[in-house]
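Chemist: What follows is a predicted structure for the sequence shown.
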Amino acid sequence: MKRITVIVLIFIMVFSLSAASVSAASKNTEKPERQEITSILPGNHKLSLMWNKVEGDNVKYEVKIAADKHFTEDAKTFILDGSDNDITRTKLTNGQKYYAKVRTIVTDENGKKFYGSWSYRKSRVIKDTSIYSNTSIRGVPELRYMTYEDNDDLLMLINKYYGVPSDYYPNDMVSIASKYMTYSNAKMKEVAYKAFKKMYKAAAEKGLNFKICSAYRTYSTQRSLFNNYINSRGYKTAFVLSAYPGRSEHHSGLAIDLLTGRNGWSLTNSFANTKEGKWIKKHCAEYGFIIRYPDGKTDITGYGYESWHLRYVGKTAAKEIMSEGLTLEEYLDKLPPGYKG
Ligand SMILES: [Zn+2]
């Protein structure tokens, strides 16, 4: 009788232990579902992947990227923390096709790992789709893309590689009222002008004042400006401080340079330290403007810091660009390939 009781007790204990471990396992450690790559974008020597995020503790992802579709010897494996669900692998070879796959790994409270099925393999050929590259080159880089006619694209790119022809003329140009200007007869695109007037009014209500000292420029104006820089500052400096005709953003009708009396109307980065310059940096995105040539981004934009040069891109892009500290080039590079050119 006593012996039977002990056996029953042992049986109950074993049963309840295994029941407990089953319920713990079913809580969060079932085999995770097959993961899928939701986007795979090639760039300049790089491949960026994204996949769905899995909620829960102790989630990690395993990513494999290889130039070989069987993911054999050259496969690069990444184990990522569950807070990430994207990865960019750089230094890849342009023209080479790369393959990628991802799976979820969940660890239970006893440290046991549960692996999801690998996602279906996805591949992309790495292409030099980047719209910028080493702009430390002095001189006139080869043109990569020409915008012949204004199609009212607020994200239109003009930089050292993206140009416009000598007869380019933006649509919907309006004259800027003299109260906004340090000179007369300037023009800009209406959409940007309307936004500027709102921004000006908001600043004025805070007791601030700035004026536009440069807006739309023709090809021939830019040619003389550029030649002046070459004559006064030398050829190499001219390329960092000024734009080759046809490659100036002022041709777009969406760019303006601002001055304030608070620093003696000087076109220098002392503008950034004035009340006006600080207010502009903080609030310009609310009106759809960005500081186009930020500090420390010369490698990307090709230009030194210009705290006074604003570009209208619309509110959505402006807010993302300014809040994330991006340049227009970087923002466009994040858009799907083929958006430009
Ligand atoms: Zn400018």
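Modeler: Right, received. Where do you want to start?

Chemist: Specify the local secondary structure of the residue nearest to residue 263 when sequence neighbours are not counted.
Modeler: Spatially, and ignoring its direct neighbours in sequence, residue 263 is nearest to residue 270 (4.5 Å; CB to CB, 6 or more residues apart in numbering). Just so you know, the C-beta spots here come from the backbone N, C-alpha and C atoms, and that holds for glycine as well. On the three-state scheme (DSSP: H, G, I helix; E, B strand; the rest coil), residue 270 is labelled helix.

Chemist: Just give the number of residues close to residue 270.
Modeler: Neighbours of residue 270 under the rule other CB atoms under 10 Å: 15.

Chemist: So it versus the ion, what's the distance?
Modeler: Applying CB to the ion, to the nearest Å, the value for residue 270 to the ion is 16 Å.

Chemist: that's a strand at residue 78, yeah?
Modeler: Yes. Residue 78 forms part of a strand when assessed by three-state DSSP.

Chemist: What's opposite it in the beta bridge?
Modeler: Beta-bridge pairing for residue 78 (DSSP bridges): residue 63.

Chemist: tally of neighbours for it?
Modeler: Residue 78: 14 neighbours (other CB under 10 Å).

Chemist: Stretch 299-314 vs the ion: in contact?
Modeler: Yes. Counting by CB under 5 Å from the ion, the ion has neighbours in stretch 299-314: residue 309.

Chemist: these two touch, right, residue 174 and residue 191?
Modeler: No. Using CB atoms under 8 Å, residue 174 is not in contact with residue 191; the gap is 9.6 Å.

Chemist: Can you show me the helices along the stretch 201-341 of the chain?
Modeler: With DSSP state H, counting those that start in this stretch, the ranges of helices along the stretch 201-341 of the chain come out as 219-233, 235-241, 275-283, 298-301, 315-323, 328-334.

Chemist: Okay, buried residues for the longest one please.
Modeler: This points to helix 219-233. In terms of neighbour count (16 or more other CB atoms under 10 Å), helix 219-233 has its buried residues at 219, 222-223, 225-226, 229.

Chemist: same thing with the shortest one?
Modeler: Within helix 298-301, the residues scored as buried using 16+ other CB under 10 Å are 298, 300-301.

Chemist: list the helices and strands it packs on?
Modeler: Packed against helix 298-301 by the contact rule (3 or more CB pairs under 8 Å, 6 or more residues apart in numbering; DSSP states H and E) you find helix 328-334.

Chemist: Can you find the residue of the chain that comes nearest to the ion?
Modeler: residue 309 (3.7 Å; CB to the ion).

Chemist: Any idea what that residue is bridged to?
Modeler: Beta-bridge partners, per DSSP bridges, of residue 309: residue 257.

Chemist: From what I see, it and residue 291 are in contact.
Modeler: Yes. When contacts are counted by CB under 8 Å, residue 309 is listed as touching residue 291 (7.2 Å).

Chemist: So the two - more neighbours on which side?
Modeler: residue 291 (24 against 20).

Chemist: Wait, that one touches residue 322, no?
Modeler: Yes. Look at residue 291 against residue 322 with CB under 8 Å: they come within range, at 7.3 Å.

Chemist: ok so residue 61 is a strand residue?
Modeler: Yes. If the criterion is three-state DSSP, then residue 61 is within a strand.

Chemist: can you list the residues of the stretch 201-341 of the chain near the ion?
Modeler: Near the ion, when you scan the stretch 201-341 of the chain using CB under 5 Å from the ion, you find 257, 309.

Chemist: what about 6 Å?
Modeler: Within the stretch 201-341 of the chain, the positions near the ion by CB under 6 Å from the ion are 214, 250, 255, 257, 309.

Chemist: Quote the end-to-end distance of stretch 174-192.
Modeler: Start and end residues of stretch 174-192 are separated by 10 Å (CA to CA, to the nearest Å).

Chemist: pLDDT weak spots in the stretch 101-250 of the chain?
Modeler: Scanning the stretch 101-250 of the chain for pLDDT under 70 picks out the ranges 127-139.

Chemist: Go again with 80.
Modeler: Within the stretch 101-250 of the chain, the segments meeting pLDDT under 80 span 127-142, 184, 233-241.

Chemist: picking that back up, mutual contacts of residue 291 and residue 322, please.
Modeler: Counting by CB atoms under 8 Å, 6 or more residues apart in numbering, the shared contacts of residue 291 and residue 322 are 281, 284.

Chemist: Residue 212 - how many residues pack around it?
Modeler: 21.

Chemist: try residue 152
Modeler: 11.

Chemist: Quick check: nearest residue in space to it, chain neighbours excluded?
Modeler: That would be residue 171: by CB to CB, 6+ apart, it lies 6.0 Å from residue 152.

Chemist: Quick check: the gap between that neighbour and residue 147.
Modeler: 12 Å (CB to CB, to the nearest Å).

Chemist: who has more neighbours, the two?
Modeler: Comparing residue 171 with residue 147 by other CB under 10 Å, the one with more neighbours is residue 147, at 19 against 12.
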